[in-house]
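**Student:** A predicted structure for the sequence below; I have some questions about it.
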Amino acid sequence: ATPTRSLPDVAFIQFTSGSTGDPRGVVVTRAALNAQLGQLHAGMGVLPTDAAVSWLPLFHDMGLVGGLLLPFAYGLPVTLLSPLSFLLRPARWLQAISRSRATLSAAPSSAYALCAAKARAADLEGVDLSCWRVALDGAEAVRPEAIDAFSARMAPYGFRADAFMPAYGLAESTLAVTM
């Protein structure tokens, strides 16, 4: 039997965070995903020479779309770390950025604050963050004090505060609404 209606061209179903109401599944179509990838590409000024590092969980839209699908869509090298690996030793994220010469990486403000507070000098020995061009800050409220603390703590390792790019997104919009 032939279906009486066609289903949307579903890429995946993303659950909302529940921050503005009860969590619910949002159908993300391939067209919406492609549009979002194009907007991220333009908004972050992605270059063919860029590389990415992400520890964000792939069940979260920032991890899936921004950390995995964006690099894949544009043929960029990407290094993926386990979220648990990051939480146990936040400096692993920074070491991976340095080692792979990553130019793009994203995290919520709490992750930047955690790195500023917990990254030990011994773990940062030899780390060079001068390659990091776009440090996206989103997935939760952007906290200026976290940005300031991270910038001050990582400046000796080549991190530039102007790499920070605050962002706001939601599953209903596939990911980023504004950057």
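**Tutor:** Yep, that arrived. Because the structure is predicted, anything quoted here is derived from the model rather than measured. Numbers count the residues shown, from 1 in each chain.
**Student:** shouldn't Gly43 be within a helix?
**Tutor:** Yes. Looking at Gly43 with DSSP: H, G, I helix; E, B strand; the rest coil, it is inside a helix.
**Student:** what about it, how many residues nearby?
**Tutor:** The tally of other residues near Gly43 (other C-beta atoms under 10 Å) stands at 15. Backbone N, C-alpha and C define where each C-beta goes, glycine included.
**Student:** centroid residue for the protein?
**Tutor:** Taking C-alpha atoms, centre = their mean, the centroid of the chain lies closest to Ala106, which sits 3.0 Å from it.
**Student:** quick check: closest non-adjacent residue to that residue.
**Tutor:** Excluding its sequence neighbours, the residue lying closest to Ala106 (C-beta to C-beta, 6 or more residues apart in numbering) is Leu136, at 3.5 Å.
**Student:** hang on, the one you found packs against Ala167?
**Tutor:** Yes. Checked against C-beta atoms under 8 Å, the pair Leu136 and Ala167 is within contact range at 5.4 Å.
**Student:** which one's more surrounded, these two?
**Tutor:** When Leu136 and Ala167 are compared for neighbours, Leu136 comes out ahead with 24 against 20, by other C-beta under 10 Å.
**Student:** sorry, back to before: surely the residue nearest to the centre of the chain forms part of a strand?
**Tutor:** Yes. Using three-state DSSP, the secondary structure at Ala106 is a strand.
**Student:** list the residues that contact it.
**Tutor:** Ala106 makes contact with 54, 56, 62, 66-67, 135-139, 167, according to C-beta atoms under 8 Å, 6 or more residues apart in numbering.
**Student:** let's see 7 Å
**Tutor:** Shown in contact with Ala106 (C-beta atoms under 7 Å, 6 or more residues apart in numbering): 54, 56, 62, 66-67, 136, 138.
**Student:** swap in Asp137?
**Tutor:** Each residue near Asp137 by C-beta under 7 Å, 6+ apart is listed here: 107, 109, 112, 147, 164-167.
**Student:** redo that, cut-off 6 Å
**Tutor:** 109, 164, 166 (C-beta atoms under 6 Å, 6 or more residues apart in numbering).
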